[in-house]
Every structure is written in structure tokens, then in C-alpha cells.
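A.B. asks: A predicted structure for the sequence below; I have some questions about it.
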Amino acid sequence: MLDEEETHALLRRAKAGDGEAKELLLTHNTSLLKSILRRYLGKGVEYDDLFQLASLGFLKAIAGFDESFGVRFSTYAVPMIAGEIKRFLRDDGSVKVSRAMKKTARDLNRYIENYSLAHGEQPTVKELAEAFSMEEGDVVLALGSSRMPVSIYEQTDYKDDKTATLAERLPAKDGQEEMIDRMVLKEAIEKLPDREKKIVFLRYFRDMTQSEVAKAIGVSQVQISRIESRIMEQFRKDLSG
């Protein structure tokens, strides 16, 4: 992934009509697009078509992004990409927003309003996820399920909150890239055998050393090192597609 300064430089060129800059942005964000579209596999649309839809959403994000928004480009791009895919699936009749999802979105929005009144600021995605025992990615999807605005800076239509935008409800400090990485890693971990899942859990969620994990598992530290290397290689393959 490009750093923020490099991304903004390419965005300025792309918005000025530089096709090469658009291609570079797309190339360096391919893993982000793939991470999002994986959630829509098995819905009756081919992978290549999903990638094209994700790319279209990404290009719309390039066209609509403004540095004055004060958020990372990826924060702006993710709902645009997901929205492009979801609109196609809904229009095609393949996906319908469930009543449960709509109820969750209403509950989330009610919580946001009450929290704002009590604390004088918007809750972060992480705080919403903790309050509702949900994954951060699921919070974002629920909030976007009833409507996907053309811009996340469009004003919301809540009776008591006429000035708030979706961007303000999803503060940049949460780290959209981190959320997407969590989604991909969760899927990758679920594919692992039980012993390897335990190794990942102990190493990266319990912060244990290889030696400590080796003792807990009952193997040598060298074996743990080899297994971990194999797992990391598989994760890299999953991330690249």
C-alpha cells in the first residue's frame, strides 16, 4: 500500500486526468479491492465481474475524494467500493437487505444519537462494535445497509442530527485499512487446522514468544518457527488473491 503522501500525490494527478496515476492507484490498492469483494462471493456473480464492480467503485472514489475532507482516502473508498457491488446485487435481485440487518442499523443509529447527546462527540466504529458485540466490519456494513450515499460526506437525515455526515459517524482514527485486514485475516485463520489456529492465537492474541508457544504445544521452538513461517506465507497468498 502507498503511504498517505504518495496516495494524495497520485490522486491529484488522477483527478487532473492522468490515466497512469489512476492505474497506479488501482494497482497498489488491489488487495483492498479483493478483500472487500470476497464478502460477496457465492452471490451468483463471477469473481472477475465483482472485481470490475469494485474497480468502478474505486474510480468513483477517486473522482469524489477531496483532501479537505481530512480523512484517509481508504476510509472514503471502502464504502464506495462496497456500495457499487451492493447496488448491483440489489438491482439484480440477488441480495436483499434483511429485516434483522435493518433493525441492527436502526439500533446502531439510535445508539449513536444517544451517545452523542451524552458525550458531545460521535462514537467510533470500535466503540460501536464493542457496545453491540459485533465485528467492526459488520458495523460498517449495517450502517450502510439501508442506504449507501454517493458520498460519505452527504448529510444524514436523522431528525435530531441534521448536520452530521456518515464520515463523522465513522471517524478516521479507527483505521479502515486495519478493519479490512482483520476481515481477511479472520477468513484466513478459519481455514487453518486446529493446531495452527492455536499457534496463531497464542503468538498474536496472547503475545507469547515462540519458545513459550512451543512449550504450550509440546514441540520444539524450531518447529514453531517453521509452522509460523508456513502460516504467514499462506496469509500472504490469501491477501494477494
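C.D. replies: Now that the structure is in, tell me what you want to look at.
A.B. asks: low pLDDT regions in the chain?
C.D. replies: The chain contains residues with pLDDT under 70 at 1, 92-101, 137, 141, 144-188, 235-241.
A.B. asks: One more pass at 50, please.
C.D. replies: Scanning the chain for pLDDT under 50 picks out 93-97, 146-177.
A.B. asks: can you map out the strands along it?
C.D. replies: Using DSSP state E, the chain contains no strands.
A.B. asks: How is it divided into domains?
C.D. replies: For the chain, automatic domain parsing gives the domain ranges 4-91, 99-174, 191-240.
A.B. asks: Point out the most buried one among those domains.
C.D. replies: With neighbours defined as mean count of other CB atoms under 10 Å, these peak in mean count at domain 4-91, which reaches a mean of 17. Just so you know, the C-beta spots here come from the backbone N, C-alpha and C atoms, and that holds for glycine as well.
A.B. asks: and that one, how far apart are its ends?
C.D. replies: Between the opening and closing residues of domain 4-91 we find a distance of 35 Å, counting by CA to CA, to the nearest Å.
A.B. asks: from memory residue 105 sits against residue 140, does it?
C.D. replies: No. Using CB atoms under 8 Å, residue 105 and residue 140 do not qualify as a contacting pair, with a distance of 10.8 Å.
A.B. asks: Could I get the full set of helices for the protein?
C.D. replies: With helices called from DSSP state H, the chain shows them at 4-15, 19-28, 30-37, 47-64, 73-91, 99-119, 125-132, 136-143, 166-169, 176-190, 194-200, 210-217, 221-240.
A.B. asks: Tell me which other helices or strands the longest one touches.
C.D. replies: Of the remaining helices and strands, those touching helix 99-119 by 3 or more CB pairs under 8 Å, 6 or more residues apart in numbering; DSSP states H and E are helix 125-132, helix 136-143.
A.B. asks: And the fourth one, by the same measure?
C.D. replies: Where contact means 3+ CB pairs under 8 Å, 6+ apart, helix 47-64 is packed against helix 4-15, helix 19-28, helix 30-37, helix 73-91.
A.B. asks: want to throw those into JSON lines with distance to residue 206?
C.D. replies: What follows is those, written out as JSON lines (distance: least, CB to CB, whole Å):
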{"stretch": "helix 4-15", "distance to residue 206": "32"}
{"stretch": "helix 19-28", "distance to residue 206": "33"}
{"stretch": "helix 30-37", "distance to residue 206": "25"}
{"stretch": "helix 73-91", "distance to residue 206": "29"}
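A.B. asks: Among those helices, which comes closest to residue 232?
C.D. replies: Shortest separation from residue 232 across the helices and strands packed on helix 47-64 is recorded for helix 30-37, at 15.3 Å, computed as CB to CB.
A.B. asks: Would you mind giving the orientation angle of the closest one with respect to helix 136-143?
C.D. replies: Between the axes of helix 30-37 and helix 136-143, defined by axes from the mean of the first three to the mean of the last three CA atoms, to 10 degrees, the angle is 60 degrees.
A.B. asks: for helix 30-37, packing partners?
C.D. replies: If contacts are counted by 3+ CB pairs under 8 Å, 6+ apart, helix 30-37 sits against helix 47-64, helix 73-91, helix 176-190, helix 221-240.
A.B. asks: so what's the residue lying closest to residue 50 once chain neighbours are set aside up against?
C.D. replies: Counting by CB to CB, 6 or more residues apart in numbering, residue 50 lies nearest to residue 37, which is 4.3 Å off, once chain neighbours are set aside. By CB atoms under 8 Å, 6 or more residues apart in numbering, the residues touching residue 37 are 47, 50-51, 53-54, 81, 85.
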